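**Student:** A predicted structure for the sequence below; I have some questions about it.
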Amino acid sequence: MEEKFSMIVLAVDCMGGDHGPAVTLPACRLFLQTHPDARLLLVGQPQALAALTHERASVVPATEVVAMEDSVEVALRKKKDSSMRVAIRQVKDGAAQAAVSAGNTGALMAVARYLLKTLKGIERPAIATQLPNARGRATTVLDLGANVDCTAEHLLQFAVMGSALVSVLNDDPQPTVGLLNIGEEAIKGSETIKKAGELLRSAADHGDLNFIGNIEGNDIFKGTADIAVCDGFVGNVALKTIEGLASMLTGFMKEEFTRNLLTKAIAALAYPVLKALKRRMDHRRYNGAALLGLRGLVFKSHGSADVTAFSYALGHAYDAARNQLLERVQARIAHAAPLLAVAAPPS
């Protein structure tokens, strides 16, 4: 019988990322202030975590750290007591409902997959996150880099998992799914994309997905579909693009306020609009990508995340655990099991 938690418990890899405890500890403190029903397991070297004391935070020792430049082999075979691995182990052992790390993406996916295993019916886990759109909401995009080369069957699996995620995030039982392509017409795209479209239409006919057809890159930001399905190469490019746009907007605002009196006056008039746009595009609000398809919840923060961004990642992990994302993903996969079995790629 599954253990019932009186509080939401998150295991935090406090040593991972570009900044380690200098960012993760203040973010944990901020998160605890706004989530009174949450408890944190701070995983890492105890002496480095001594700066944060809180009645709802406890330290779980780990003697090693997976560096951003470490290979997957190092993370898996040589650093078996890393903060990343120990944090994920808390989920496996039932001590926490989700793990959060800003560490090396490849290592995190490999360690999580090794410890937690994939759900039945899922060949490959995927990384999913939200990107802001013109409707004032967000478009969930997956995969974001875990799988560069994908089959049509993998894209179908991503769509099923993404639907479960968005149903939790948006409280919508039938979120719309679009297949990212170079045109809306079904005849366009590579053979893989065309076959994926056929599988997604079949899934829609069986009531497993609310598939609306092909979408193009600009549809991500228009909000044409709640979910955009693509391979990891395309998804990662989209993610880096929105981060670059946000940084460019921030730089523009700073630059205009340092010019001559006229441009300063114009910038001052436009500032409220620019500020609102900057907030909408602020990638920090969307930090915290879910590793979907595993037998446990794991969230990946951007490696260079600041305190605000990492606290958002903690909040997304909390929301997923509170709203039983794992159980909903399992239910979606179970419902789509016959179709997934038929569409399974050859071994």
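**Tutor:** Looks like it arrived, so ask away. Numbers count the residues shown, from 1 in each chain.
**Student:** so, low pLDDT: which residues of the stretch 151-300 of the chain?
**Tutor:** Counting by pLDDT under 70, the stretch 151-300 of the chain shows low-confidence ranges at 242-243, 245-283.
**Student:** hmm, 50 instead?
**Tutor:** 271, 273-274, 277-278 (pLDDT under 50).
**Student:** how about the helices of it, start to end?
**Tutor:** 152-169, 191-205, 217-222, 232-256, 261-281 (DSSP state H, counting those that start in this stretch).
**Student:** ok, V329 touching V166?
**Tutor:** No - using Cβ atoms under 8 Å as the test, V329 is too far from V166 to be in contact (11.1 Å). (Glycine included, C-beta is placed from N, CA and C.)
**Student:** higher neighbour count, the two?
**Tutor:** More crowded of V329 and V166, by other Cβ atoms under 10 Å: V329, with 27 against 24.
**Student:** residue contacts, that one?
**Tutor:** Neighbouring residues of V329 by Cβ atoms under 8 Å, 6 or more residues apart in numbering: 119, 161, 164-165, 292-293.
**Student:** go with 7 Å
**Tutor:** Residues in contact with V329 (Cβ atoms under 7 Å, 6 or more residues apart in numbering) are 119, 161, 164, 292.
**Student:** R284 too?
**Tutor:** 306, 308-309, 312.
**Student:** per-residue confidence at T308?
**Tutor:** pLDDT, T308: 95.
**Student:** I'd guess it is in a helix, am I close?
**Tutor:** Yes - applying DSSP: H, G, I helix; E, B strand; the rest coil, one finds T308 inside a helix.
**Student:** for it, the count of nearby residues, please.
**Tutor:** 15.
**Student:** any idea how far A334 is from it?
**Tutor:** According to Cβ to Cβ, to the nearest Å, T308 and A334 sit 37 Å apart.
**Student:** list the residues that contact S301.
**Tutor:** Residues near S301 by Cβ under 7 Å, 6+ apart: 17, 100-102, 287-288, 309-310, 313.
**Student:** I'd say I227 and M161 touch.
**Tutor:** No - judged on Cβ atoms under 7 Å, I227 makes no contact with M161 at a distance of 9.6 Å.
**Student:** take the contacts of V329 and write them to a markdown table, including distance to Q47 and neighbour count.
**Tutor:** Converted to a markdown table, the contacts of V329 look like this (distance: Cβ to Cβ, whole Å; neighbours: other Cβ atoms under 10 Å):
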| residue | distance to Q47 | neighbour count |
| --- | --- | --- |
| L119 | 38 | 19 |
| M161 | 39 | 28 |
| A164 | 40 | 23 |
| L292 | 35 | 29 |
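**Student:** list the residues that contact the closest residue to K117 other than its chain neighbours.
**Tutor:** Counting by Cβ to Cβ, 6 or more residues apart in numbering, R295 is the residue found nearest to K117 once chain neighbours are left out, at 5.3 Å. For R295, the contact set (Cβ under 7 Å, 6+ apart) comprises 116-117, 119.
**Student:** same question for E64.
**Tutor:** Contacts of E64 (Cβ under 7 Å, 6+ apart): 79, 81-82.
**Student:** any idea which of those residues is the one closest to I8?
**Tutor:** S82 (24.0 Å; Cβ to Cβ).
**Student:** and that closest one, what are its bridge partners?
**Tutor:** When assigned by DSSP bridges, S82 has beta-bridge partners E64.
**Student:** and the strands in the chain, which stretches?
**Tutor:** For the chain, strands defined by DSSP state E occupy the ranges 8-13, 38-44, 57-61, 98-101, 126-132, 138-142, 176-180, 210-215, 227-229, 289-292, 297-300.
**Student:** now those strands as TSV including distance to V148?
**Tutor:** Listed next are those as TSV, based on distance: least, Cβ to Cβ, whole Å:
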stretch	distance to V148
strand 8-13	24
strand 38-44	29
strand 57-61	33
strand 98-101	21
strand 126-132	12
strand 138-142	13
strand 176-180	14
strand 210-215	20
strand 227-229	15
strand 289-292	16
strand 297-300	16
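**Student:** closest to F31 out of those strands?
**Tutor:** strand 38-44 (7.0 Å).
**Student:** so which residues make contact with the closest one?
**Tutor:** 7-15, 21, 28, 32, 49, 52, 56-60, 62, 83, 86-87, 90, 95-96, 318.
**Student:** among these, which ones are buried?
**Tutor:** 8-15, 21, 28, 32, 49, 52, 57, 59-60, 62, 83, 86-87, 90, 96, 318 (16 or more other Cβ atoms under 10 Å).
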